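**Q** Here's a sequence, model it:
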Amino acid sequence: MAQWGRAFGTAAILLAKWAGAWVATTVSREEQAEVARAAGADLVLNRHEEDAAQGIRSATGGHGVDRIVDVYTTPEAAMREAAEEVSAYAASGAHAPRIAKAYAPEVAETQESQESGKAIGNVLVRIQNP
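**A** Next up, the predicted model:
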(Lines give C-alpha, C1' and ligand atoms only; values in the text may rest on other atoms or scores of the structure.)
Protein backbone atom coordinates (compact mmCIF):
# COMPACT_ATOMS: atom_id res chain seq x y z
CA MET A 1 0.00 0.00 0.00
CA ALA A 2 2.82 2.45 0.74
CA GLN A 3 4.21 2.12 -2.80
CA TRP A 4 0.81 2.86 -4.27
CA GLY A 5 0.51 5.77 -1.85
CA ARG A 6 3.44 7.62 -3.43
CA ALA A 7 1.93 7.34 -6.92
CA PHE A 8 -1.45 8.28 -5.50
CA GLY A 9 -0.01 11.48 -4.04
CA THR A 10 1.29 12.63 -7.41
CA ALA A 11 -2.01 11.70 -9.05
CA ALA A 12 -3.87 13.66 -6.38
CA ILE A 13 -1.78 16.76 -7.10
CA LEU A 14 -2.30 16.43 -10.85
CA LEU A 15 -6.04 15.93 -10.54
CA ALA A 16 -6.49 18.77 -8.07
CA LYS A 17 -4.55 21.16 -10.30
CA TRP A 18 -6.51 19.94 -13.34
CA ALA A 19 -9.67 20.88 -11.43
CA GLY A 20 -8.26 24.34 -10.60
CA ALA A 21 -7.37 23.82 -6.93
CA TRP A 22 -4.55 25.38 -4.90
CA VAL A 23 -2.50 22.40 -3.64
CA ALA A 24 -0.29 21.95 -0.59
CA THR A 25 1.57 18.69 -0.09
CA THR A 26 4.12 17.11 2.23
CA VAL A 27 7.20 15.14 1.20
CA SER A 28 10.06 13.47 3.00
CA ARG A 29 12.97 14.39 0.70
CA GLU A 30 14.00 16.83 -2.01
CA GLU A 31 13.57 14.40 -4.91
CA GLN A 32 9.91 14.02 -3.95
CA ALA A 33 9.59 17.79 -3.65
CA GLU A 34 10.84 18.18 -7.22
CA VAL A 35 8.21 15.72 -8.48
CA ALA A 36 5.47 17.47 -6.47
CA ARG A 37 6.47 20.88 -7.85
CA ALA A 38 6.59 19.48 -11.39
CA ALA A 39 3.07 18.09 -10.87
CA GLY A 40 1.94 21.60 -9.94
CA ALA A 41 1.87 21.71 -6.14
CA ASP A 42 1.67 25.30 -4.94
CA LEU A 43 3.17 24.60 -1.53
CA VAL A 44 5.59 21.76 -0.81
CA LEU A 45 6.63 21.10 2.79
CA ASN A 46 9.19 18.58 4.01
CA ARG A 47 7.42 16.83 6.89
CA HIS A 48 10.76 15.99 8.54
CA GLU A 49 12.02 19.57 8.52
CA GLU A 50 8.92 21.76 8.68
CA ASP A 51 5.70 22.00 10.68
CA ALA A 52 3.17 21.21 7.93
CA ALA A 53 0.15 22.54 9.82
CA GLN A 54 1.90 25.85 10.55
CA GLY A 55 3.19 26.13 6.99
CA ILE A 56 -0.31 25.62 5.58
CA ARG A 57 -1.88 28.05 8.06
CA SER A 58 0.73 30.65 7.13
CA ALA A 59 0.30 30.12 3.37
CA THR A 60 -3.50 30.34 3.60
CA GLY A 61 -3.72 33.28 5.99
CA GLY A 62 -5.07 31.00 8.71
CA HIS A 63 -7.86 29.53 6.54
CA GLY A 64 -6.36 26.05 6.19
CA VAL A 65 -7.47 23.63 3.51
CA ASP A 66 -10.86 22.51 2.26
CA ARG A 67 -9.89 18.90 1.48
CA ILE A 68 -7.24 16.47 2.67
CA VAL A 69 -6.39 13.51 0.45
CA ASP A 70 -5.06 10.58 2.43
CA VAL A 71 -4.87 7.24 0.64
CA TYR A 72 -5.11 5.32 3.89
CA THR A 73 -8.40 6.85 5.07
CA THR A 74 -10.22 7.67 1.84
CA PRO A 75 -13.68 6.03 1.76
CA GLU A 76 -14.25 3.39 -0.94
CA ALA A 77 -16.90 5.45 -2.75
CA ALA A 78 -14.49 8.38 -2.97
CA MET A 79 -11.78 6.06 -4.30
CA ARG A 80 -14.15 4.86 -7.05
CA GLU A 81 -14.98 8.46 -7.96
CA ALA A 82 -11.27 9.29 -7.97
CA ALA A 83 -10.59 6.35 -10.29
CA GLU A 84 -13.15 7.74 -12.73
CA GLU A 85 -11.51 11.18 -12.53
CA VAL A 86 -8.07 9.63 -13.08
CA SER A 87 -9.41 7.88 -16.18
CA ALA A 88 -10.85 11.15 -17.51
CA TYR A 89 -7.60 12.95 -16.75
CA ALA A 90 -5.51 10.27 -18.49
CA ALA A 91 -7.81 10.34 -21.51
CA SER A 92 -7.38 14.13 -21.75
CA GLY A 93 -3.68 13.74 -22.55
CA ALA A 94 -2.86 16.48 -20.05
CA HIS A 95 0.04 14.58 -18.48
CA ALA A 96 2.50 11.81 -19.22
CA PRO A 97 3.63 9.91 -16.10
CA ARG A 98 7.24 10.19 -14.95
CA ILE A 99 8.90 6.79 -15.41
CA ALA A 100 11.83 6.27 -13.04
CA LYS A 101 13.13 3.16 -14.78
CA ALA A 102 11.85 0.35 -17.02
CA TYR A 103 12.70 -3.31 -16.32
CA ALA A 104 12.26 -6.62 -18.11
CA PRO A 105 9.58 -8.67 -16.32
CA GLU A 106 11.97 -11.30 -14.98
CA VAL A 107 14.14 -8.81 -13.11
CA ALA A 108 13.70 -8.90 -9.32
CA GLU A 109 15.17 -5.41 -9.26
CA THR A 110 11.74 -4.09 -10.23
CA GLN A 111 10.22 -4.79 -6.83
CA GLU A 112 13.37 -3.86 -4.96
CA SER A 113 13.49 -0.49 -6.68
CA GLN A 114 9.92 0.34 -5.79
CA GLU A 115 10.13 -0.94 -2.20
CA SER A 116 13.34 0.95 -1.47
CA GLY A 117 11.61 4.28 -2.03
CA LYS A 118 14.54 5.42 -4.17
CA ALA A 119 12.55 5.44 -7.43
CA ILE A 120 10.99 8.87 -7.75
CA GLY A 121 8.31 8.24 -10.32
CA ASN A 122 6.60 5.13 -11.56
CA VAL A 123 8.44 1.89 -12.25
CA LEU A 124 7.55 0.37 -15.59
CA VAL A 125 7.73 -3.35 -16.34
CA ARG A 126 7.99 -4.02 -20.07
CA ILE A 127 6.12 -7.13 -21.17
CA GLN A 128 7.67 -8.74 -24.21
CA ASN A 129 5.43 -10.45 -26.75
CA PRO A 130 6.33 -14.14 -27.19
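
**Q** The protein: strands as residue ranges?
**A** Residue ranges of the strands in the chain, as given by DSSP state E, are 24-27, 43-46, 99-103, 122-125.

**Q** So which of those strands is the most surrounded?
**A** strand 24-27 (a mean of 22; mean count of other CB atoms under 10 Å). Backbone N, C-alpha and C define where each C-beta goes, glycine included.

**Q** Domain boundaries for this protein, per the record?
**A** 2-94, 98-130 (automatic domain parsing).

**Q** and the last one, average pLDDT?
**A** Going back to what we said before, that points to domain 98-130. Averaging pLDDT along domain 98-130 gives 70.

**Q** Any regions of this protein where pLDDT drops low?
**A** In the prediction, the chain carries residues with pLDDT under 70 at positions 1-7, 102-107, 127-130.

**Q** just the domains of the chain: most buried one?
**A** Most buried of those, by mean neighbour count (mean count of other CB under 10 Å): domain 2-94, with a mean of 14.

**Q** Quick one: residues contacting residue 41.
**A** Going by CB atoms under 8 Å, 6 or more residues apart in numbering, residue 41 touches 13, 17, 23-25.

**Q** Out of the residues you listed, give me the two with the largest separation.
**A** Distances among those were taken as CB to CB; the most separated pair is 17 and 24, at 11.8 Å.

**Q** can you pull the contacts of residue 118?
**A** Residues counted as contacts of residue 118 (CB under 8 Å, 6+ apart): none.
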